[in-house]
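*Asks:* here you go, sequence then predicted model.
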Amino acid sequence: MKTHNLCLPPRSRLRIEVIGWLVMIVLCMFTFSQSSQAQLPTGITKSRWAMDDPDYAQKYADGAEKTDVPGKIKQAADARFLKDSSGLYFSGGLSAFGKSANPLGSLELGYTGYWTSYLTNRTGFVAAANLDDYYFGGEFGMRFQTPTRLAPFAGFGLFAGVSRTSESADDDNIDNDDDGFIDEWGEEEESFDGALIAVYPETGIHFWWTPRIRLSGFGRYMVTTEGRDADAWYYGASIAILSK
Ligand SMILES: [Ca+2]
Ligand SMILES: [Ca+2]
């Protein structure tokens, strides 16, 4: 029996990893939806939505009168207490680089903080893959937002990473993948494929599920060192858990 038939060529492994990542994103969202069933968004029945926060609770200790509609709206929207909050965030997203129709999925884990109630920064690690390449790198970005519970934002960011790629190598008389077979069917060689740097403007919206849990959706226009043909929109979703 030829054991190498059991070994998956690198391209298949890549596919499996991409699928694995998508499964992980779905699992994370499922886990969150399960926990959010236990914890509904705060403020459904009360306009003073962030009384768990000491600063907010102090400010709105005397809530707006029932007839004071502007006052009610203000206390339902106010998220200025988030100044000096910080915490971990997790993002997942998908893009198609240029016209290649080869979607790139990525996951990001990092730390974000509020310098002021309307300005955040973040730093994170990114892992991304499409059917041909892996990318690993770092991320930095800033966002300006309204200091409100539902908060549109605009910002910019920078991604810098390195990529690995796999190419067909079944005709070079070398056992490229060290499995003991030379030029077997589907043999591929992995190699360092250079650096990828992307800068992007982005826009999106935050929603504070509770005074500590922030959900976000965003779109980024990735301008990369791969050339203008590779520029592409990237769409993602993110969850952050912050505290002071
Ligand atoms: Ca081989
Ligand atoms: Ca070979």
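*Replies:* Yep, that arrived. Ligands and ions are numbered 1, 2, ... in the order given.

*Asks:* across the sheet, point out what pairs with Gly155.
*Replies:* With DSSP bridges as the criterion, Gly155 is bridged to Arg143, Glu202.

*Asks:* low-confidence ranges in the protein?
*Replies:* 1-19, 21, 25, 29-30, 32-39, 96-102 (pLDDT under 70).

*Asks:* write out the residues of it neighbouring ligand 2.
*Replies:* Residues of the chain lying close to ligand 2 (C-beta under 5 Å from the ion) are 169, 172, 174, 176, 183, 187. C-beta: built from backbone N, CA, C; applies to glycine.

*Asks:* what number of residues lie near the fifth one?
*Replies:* The local packing count at Asp183 equals 13, with neighbours defined by other C-beta atoms under 10 Å.

*Asks:* please apply the same query to the one 4 residues further on.
*Replies:* A count of neighbours around Glu187, defined by other C-beta under 10 Å, yields 22.

*Asks:* Glu167 is in contact with that one, correct?
*Replies:* No - applying C-beta atoms under 8 Å, one finds Glu187 not in contact with Glu167, separated by 10.2 Å.

*Asks:* grab the most central residue of the protein for me.
*Replies:* For the chain, Ser91 is the residue whose C-alpha lies nearest the centre (C-alpha atoms, centre = their mean; 2.1 Å).

*Asks:* and that residue, how far is that from ligand 1?
*Replies:* Ser91 sits 37 Å away from ligand 1, taking C-beta to the ion, to the nearest Å as the criterion.

*Asks:* now Gly157
*Replies:* For Gly157, the distance to ligand 1 equals 40 Å [C-beta to the ion].

*Asks:* residues contacting that residue?
*Replies:* With C-beta atoms under 8 Å, 6 or more residues apart in numbering as the criterion, the residues that contact Gly157 are 139-142, 199-200, 202, 220.

*Asks:* let me know the helix or strand that it is in.
*Replies:* Under DSSP states H and E, the secondary-structure element containing Gly157 is strand 150-168.

*Asks:* show me which positions of that strand end up buried.
*Replies:* For strand 150-168, the neighbour count (16 or more other C-beta atoms under 10 Å) marks 151, 153, 155, 157, 159-161, 163-166 as buried.
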